[in-house]
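> Show me how the following folds:
(chains A and B)
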Amino acid sequence: MTIKTRFAPSPTGHLHVGNIRTALHNWMFAKKQGGVFLLRLDDTDAERSKEEYVTAIREDLAWLGMAPDEEQRQSARFDRYEAQLEKLKASGRVYPAYETAQELDLKRKIQLGRGKPPIYDRAALALADAEMAAFEAQGRKPHWRFKLDHEVPITWTDLIRGDQHFNPALLSDPVIRREDGSWLYILPSAIDDIDMEITHVVRGEDHVANTAVQIQMFRALGAEPPEFAHEALLVGTEGKLSKRLGSLGVSSFRERQIEPQAIIALLARIGTSDPVEPIVAVEPLIATFDFSRFGRAPARFDKEELAQLNQKIVHLLDYDEVQRRLPEDMDAAAWEVIRPNLHDMGNVDQWWQVVTGPVPVAELSPEDREFLSIAHARLEELEASDYLWKSLTDALKDATGRKGKPLFMPLRQALTGLDHGPDMNALLPLIGKAAALARLAKAAA
RNA sequence: GGCCCCUUCGUCUAAGGGUUAGGACGCGGCCCUUUCACGGCUGAAAUACGGGUUCGAAUCCCGUAGGGGUCACCA
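Residues are numbered from 1 along each chain as shown, chains lettered A, B, ... in the order given. Next comes the predicted model:
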């Protein structure tokens, strides 16, 4: 049997870290088994679903390198849901209810006030035909609920959480369809999982109770439930499931010059017993992916940790991977020289500026300026070569007796305008003899 | 409030009765580098609390505290 996972976001907003993590785990699990990764847009809510978010979700997944193998959307399958609902009606597993949202809300408040769990009381189940007819006569239309079988305990072995047990009597019969005919996600999701032959449902632990309900739905529809893996949610650095985390999307990562590889490397490992490591290629990440390594406690997502990982990732990036984002005339050799000093890809221009100039003129003492004019004279006599820096500093050592910091720091400042930066041995050939002479002359003046 | 899950260095975690409680990230120090960074080495750093069970508990049991989730005509 081929493995098939699905990522089922509702296009009511952009993907955020939590979403991305879930998508990633679905994708990695499928890839590890040579399976299929399905993107299913849960757009049953026509009010809130927007086409721009559909596009954004596709683009974000592609940018992260996990384009789906297949795409489906629930809005195209309403006929199918209708047909399946009829079957459930026929087998008595769904029933009409006429309460208004306000009435239900009131009931819940009363239950809560009494210290009881706010579970639907199944009043609609006791309705006589005449009462229903009366509601219909008033023009009231029913919404539909799925009838949980209270006699059958719900159990499954979760790939992350282990054996799970739910008492169906402690769960509300879920509303599956509104009076206006629109669908709630829970039944369509189960129908889709069956029809699309999903073998593994990987989602956040906020769905465990839904899974309990859906397991009865699968069975009521004559299907065996798939495997389930519910992962612990991500929390922010404050320890709470932060609102800020919900707004951290791909666009904010792009703005902050975070490479997709860094996001993948962090999200693949965070909350697992494997260490978060700067790994650029996705294959080793996939190879170590294993649900048994997932912790059950919420993991902390730290933007700072992501930034640090990103820096290490940048230091591992090959020239061909970044070439199209580099200044046009920057070659592989220059990339190698500049790369170790990068904080993120946003620093490239700054360092390339140091090579191509112009650079700011350093403030120097009269002694240093005199030293630099000697340096200028010596450099003029030298051949441009890969060892230009060594030849120059050797010559100056002999000529002036300077050594150590007093020897090289004025040179670095004159040549780069900065007191830190890439190795001058590598940098000077990049700057070139002519430009170096000009900078020395300017700083000595 | 009911139900479910969780609690080991700052962070992510390993160790399912006997360990100097291990690793990774971060942090400190040293080395390398005629700068910064990179890299190498090294150090500090944890079993939430209280009771049991046991020769022996991070590990099993109970309780307390704390955290997370859920209990929608959202997904």
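> Check which element follows the helix or strand of chain A with the lowest mean pLDDT along the chain.
Among the helical and strand segments of chain A, the one scoring lowest on mean pLDDT, DSSP states H and E is helix A:243-247, with a mean of 63. Per DSSP states H and E, the first helix or strand lying C-terminal to helix A:243-247 is helix A:250-255.
> If we go by neighbour counts, what in that next one is buried?
Neighbour-count burial for helix A:250-255, counted by 16 or more other CB atoms under 10 Å, picks out A:V250, A:F253. Where C-beta positions appear, they are placed from N, C-alpha and C, glycine not excepted.
> Check stretch A:330-341 too.
Applying 16+ other CB under 10 Å to stretch A:330-341 flags A:M330, A:A334, A:W335, A:V337, A:I338, A:R339, A:N341 as buried.
> got the end-to-end distance for that stretch?
16 Å (CA to CA, to the nearest Å).
> Kindly report the same for stretch A:61-70.
13 Å.
> Same check on stretch A:396-414?
Note: stretch A:396-414 ends 15 Å apart using CA to CA.
> Do I have it right that A:S385 meets A:N425?
No: the pair A:S385 / A:N425 is not scored as a contact, 11.3 Å apart, by CB atoms under 8 Å.
> in chain A, what residue sits furthest out from the centroid?
No residue in chain A sits farther from the centre than A:A399, which is 58.1 Å out by CA atoms, centre = their mean.
> Contact partners for the closest residue to that one other than its chain neighbours?
Spatial nearest neighbour of A:A399, excluding adjacent residues (CB to CB, 6 or more residues apart in numbering): A:I374 at 6.0 Å. For A:I374, the contact set (CB atoms under 8 Å, 6 or more residues apart in numbering) comprises A:L396, A:A399, A:T400.
> What count of nearby residues applies to the nearest residue to A:E381 once chain neighbours are set aside?
Nearest residue to A:E381, sequence neighbours excluded (CB to CB, 6+ apart): A:A395, at 7.9 Å. A:A395 has 17 neighbours, counted by other CB atoms under 10 Å.
> pLDDT wise, what is A:A395 at?
pLDDT recorded at A:A395 is 88.
> so where does A:A443 fall, helix or strand?
Per DSSP H and E: helix A:433-444 holds A:A443.
> Correction: the previous question concerned A:A229.
strand A:227-231.
> Run the chain-centre distance for that strand.
19 Å (CA atoms, centre = their mean, to the nearest Å).
> Would you give the sheet partners of the helix or strand just after it, along with the direction of each?
For strand A:227-231, the following helix or strand on the C-terminal side (DSSP H and E) is strand A:234-235. If you go by DSSP bridges, strand A:234-235 pairs up with strand A:299-300 (parallel).
> Okay, buried residues for the helix or strand hosting the residue nearest to A:E381 please.
For A:A395, the host element (DSSP H and E) is helix A:388-400. The neighbour-count check on helix A:388-400 (16+ other CB under 10 Å) flags A:L388, A:W389, A:S391, A:L392, A:T393, A:A395, A:L396 as buried.
> wait, which of the residues you listed is closest to RNA strand B?
Distance to RNA strand B, by CB to the nearest atom of the strand, is smallest for A:T393 among the buried residues of helix A:388-400, at 3.7 Å.
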